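1. 3D model of this:
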Amino acid sequence: MPTQLSAYLSYDGHCAEAMTFYAEVLGAKLEALITYGQMPGGEPVPPEMADRVMHAYLVHPDFTLMAGDAPPGVPFTGIQGCMMAITFPTVAEATRVFNALAEGGKVGMPLAETFWADTFGMVTDRFGTPWGVNGGPREMK
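-> Next up, the predicted model:
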């Protein structure tokens, strides 16, 4: 298997909803969604953690994305200091995804032309995940 790099996002009880949404919006397949209550080995978990996601794995032909809800005893501080950067070959596809991510979220920078792409915008979706959406990338010289 070649070396791969994937983002691993953390949530505070919304992982299943977020990953199901991302699979739909991004045209990907949610291949795994394992709760703390389903963990192999029969380790006891606090009842309030049983339905929270221990591991989720989303697969697209061009990328993978992993996530989970914060484990027991680990304080959740939100997603900070990074954003999910995604590039689409067309402005239309970037616009569709940007608008879907913006529903219930907060637009930090509306889609607009840039020197590196025909369009770029920043949005934090309703799950607290920051995104940078590019469409129609240009060659930088």
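
2. for the protein, what spans make up the strands?
-> Counting by DSSP state E, the chain has strands at residues 7-11, 29-35, 53-60, 63-69, 84-88, 106-112, 117-124, 130-137.

3. if you average pLDDT over the first one, what comes out?
-> Here the mean pLDDT over strand 7-11 is 95, rounded to a whole number.

4. next one: the fourth one
-> Per-residue pLDDT values across strand 63-69 average out to 96.

5. Return the angle between stretch directions for that strand and strand 53-60.
-> Strand 63-69 and strand 53-60 are oriented at 170 degrees to each other (axes from the mean of the first three to the mean of the last three C-alpha atoms, to 10 degrees).

6. The first one now?
-> Counting by the same axes, to 10 degrees, strand 7-11 points 140 degrees away from the direction of strand 53-60.

7. same check, this time on the second one
-> Counting by the same axes, to 10 degrees, strand 29-35 lies at 180 degrees to strand 53-60.

8. What residues does the closest residue to residue 105 other than its chain neighbours make contact with?
-> Excluding its sequence neighbours, the residue lying closest to residue 105 (C-beta to C-beta, 6 or more residues apart in numbering) is residue 125, at 4.2 Å. C-beta coordinates here come from the backbone N, C-alpha and C atoms, glycine included. Going by C-beta atoms under 8 Å, 6 or more residues apart in numbering, residue 125 touches 18, 21, 101-102, 104-105, 131.

9. The closest residue to residue 104 other than its chain neighbours - how many residues pack around it?
-> Nearest residue to residue 104 in three dimensions, chain neighbours excluded: residue 126, at 3.5 Å (C-beta to C-beta, 6+ apart). Number of residues near residue 126 (other C-beta atoms under 10 Å) recorded here: 16.

10. swap in residue 115?
-> Around residue 115 there are 7 residues (other C-beta under 10 Å).

11. Just the pLDDT at it, thanks.
-> 93.

12. Can you give me the distance of it to residue 138?
-> Distance of residue 115 to residue 138, given as C-beta to C-beta, to the nearest Å: 7 Å.

13. same question, residue 74
-> Residue 74 sits 41 Å away from residue 138, going by C-beta to C-beta.
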